[in-house]
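Asker: Pasting the sequence and the predicted coordinates here, then a few questions.
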Amino acid sequence: MPDVFEVLGSAHREVEQMLDRMHAMMGAPAELRRQGGALAGALISAVSQHEVAEEAYFWPAVRDKVSTGGSLAAGGIEQETEGKKVLAELDGMDPEDPQFSALMTKFDHAARAHIAYEEQQVWPAFRAALPADQAYGLGAQLASARQTGPTRPRRHTPPSPALLRAMGPVVPAADKLRDGASGPGA
């Protein structure tokens, strides 16, 4: 069973790979027209699930375990909130839309900065404060929450752990029905 850092690191690498592929497509207009919408939808889905899991479990644990956890979590959640706004604008947007490339570039920069913030500023303090058994337990919670989380950005949903947990399966089920009917991000 992977610990919290392995679960998050794997998700971060997945997002970075999708961003790299999207960047390559933006230099090839025909490829962007053919596959850009599907890749953007997959990116939106993966990031949406990841961020809800972090907001429900990771950031509360950081607040609880790290002496400066409140400010670290506030900074991370602020970055995530800005990213969700951009993803919500991109959700369903045609890659030929004149705003698509600019928004995708904006999200790319924001996502990479957020990943660096987490891994370089938050993780060292959190790793030092978190017992190994709790790191594995939190990893399991994050992995589960990510698999069952919403596939669409919720820019108007406050990052309240209790609210996110209470949404339970209802919002993700509605997202998955929409995804099944129109495809992710459509």
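Answerer: Received, thanks.
Asker: and the residue of the chain positioned farthest from its centre, what does it touch?
Answerer: Note on the chain: the largest C-alpha distance from the chain mean falls to residue 30, namely 27.6 Å (C-alpha atoms, centre = their mean). Listed by C-beta atoms under 8 Å, 6 or more residues apart in numbering, the contact set of residue 30 is empty. To be clear about C-beta, it is placed using only N, CA and C from the backbone, and glycine gets the same treatment.
Asker: any idea of the pLDDT on residue 49?
Answerer: Here, the pLDDT recorded for residue 49 equals 89.
Asker: Around it, how many other residues sit close by?
Answerer: 21 (other C-beta atoms under 10 Å).
Asker: Helix or strand: which one has the residue most central in space within the chain?
Answerer: Computing the C-alpha centroid of the chain and ranking residues by C-alpha atoms, centre = their mean puts residue 47 first, at 2.8 Å. Using DSSP states H and E, residue 47 maps to helix 29-53.
Asker: now that helix: how far from the chain's centre is it?
Answerer: Here helix 29-53 is found 11 Å from its chain centre; the criterion is C-alpha atoms, centre = their mean, to the nearest Å.
Asker: For it, buried residues please.
Answerer: 32, 36-37, 39-53 (16 or more other C-beta atoms under 10 Å).
Asker: in this protein, which segments are predicted with low confidence?
Answerer: The chain contains residues with pLDDT under 70 at 149, 151-186.
Asker: At which residues are the strands of it located?
Answerer: Under the criterion DSSP state E, the chain carries no strands.
Asker: right, and residue 132 touches residue 4 too?
Answerer: No - contact between residue 132 and residue 4 fails when scored by C-beta atoms under 8 Å: they sit 10.4 Å apart.
Asker: Now for the nearest residue to residue 23 once chain neighbours are set aside: which residues touch it?
Answerer: Using C-beta to C-beta, 6 or more residues apart in numbering and skipping the chain neighbours, the partner closest in space to residue 23 is residue 108 (6.7 Å). By C-beta under 8 Å, 6+ apart, the contact set of residue 108 is 19, 22-23.
Asker: Mind checking which of those residues land in helices?
Answerer: Among those, the ones falling in helices (DSSP state H) are 19, 22-23.
Asker: Name only those of those residues that count as buried.
Answerer: Buried members of these, counted by 16+ other C-beta under 10 Å: 19, 22.
Asker: what's the burial count for residue 55?
Answerer: Neighbour count of residue 55, defined by other C-beta under 10 Å: 27.
Asker: So it versus residue 78, what's the distance?
Answerer: Using C-beta to C-beta, to the nearest Å, one obtains 12 Å as the distance from residue 55 to residue 78.
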